[in-house]
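Enquirer: The amino acid sequence is not available; the structure is as follows:
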């Protein structure tokens, strides 16, 4: 029952994943087979993650994670990759002020494990140990971006780690 005595049920907040997809994926092992030989030093691994969100309608949003990385030794680049992994999400019955954080925190959080697995499989299939990316704190990235913009909503600007 609602406070005014109605027996109608209040609509529950909803976050639905309508689709997931790989928009673009590249894995390069240009120095193979030399890059697959034991190396004298540990490779330096660099990772960059961007989140972009685009509204498709009032309730549907396209979210894309762009994950780029490489592994390098002093002598050569072992491998490079770039993955753009996206999803279409429907957000309903959520207060307007909560939509932006959901789009830029919760939606990428739901996509990340799938993108992580794609990268792990590609590095393994490329002849290297699987690269399992550490979990990403999308809430911290969101707070960082909000601090950079003075509390203004970043709009279509990417969040970067």
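Expert: Sure, I can see it. All values derive from a computational prediction rather than experimental measurement.
Enquirer: hey, let's count contacts and neighbours off CA atoms from now on
Expert: OK.
Enquirer: how about low-confidence regions in the chain?
Expert: Under the criterion pLDDT under 70, the flagged ranges of the chain are 1-10, 151-161.
Enquirer: Just the helices from it, written as ranges.
Expert: Ranges of helices in the chain, per DSSP state H, are 96-101, 107-125, 138-148.
Enquirer: residue boundaries of the strands in the protein?
Expert: 14-28, 44-55, 60-72, 77-92, 159-160 (DSSP state E).
Enquirer: thinking again about what came up before, indicate which one of the helices of the chain is closest to residue 46.
Expert: In terms of CA to CA, the element of the helices of the chain nearest to residue 46 is helix 107-125, at 13.4 Å.
Enquirer: ok, and the closest non-adjacent residue to the residue nearest the centre of the chain?
Expert: With distances taken as CA atoms, centre = their mean, the residue of the chain nearest its centroid is residue 65 (3.5 Å). Distances taken as CA to CA, 6 or more residues apart in numbering place residue 51 nearest to residue 65, at 4.8 Å, with adjacent residues excluded.
Enquirer: cool, residue 35 as well?
Expert: Residue 35 sits nearest to residue 78 (CA to CA, 6+ apart), 5.2 Å away.
Enquirer: Give me the neighbour count for that neighbour.
Expert: For residue 78, the neighbour count with other CA atoms under 10 Å is 23.
Enquirer: Could you do residue 37 as well?
Expert: Residue 37 is flanked by 9 other residues according to other CA under 10 Å.
Enquirer: closest one to residue 104 among the strands of the chain?
Expert: strand 44-55 (7.1 Å).
Enquirer: by how many degrees do that closest one and helix 107-125 diverge?
Expert: Angle between the axes of strand 44-55 and helix 107-125 is 140 degrees (criterion: axes from the mean of the first three to the mean of the last three CA atoms, to 10 degrees).
Enquirer: Isn't the residue nearest to the centre of the chain up against residue 84?
Expert: Yes - Residue 65 lies in contact with residue 84 (CA atoms under 8 Å); the separation is 5.6 Å.
Enquirer: circling back to that earlier point, contact partners for the residue nearest to the centre of the chain?
Expert: Counting by CA atoms under 8 Å, 6 or more residues apart in numbering, residue 65 touches 49-52, 83-86, 108, 111-112.
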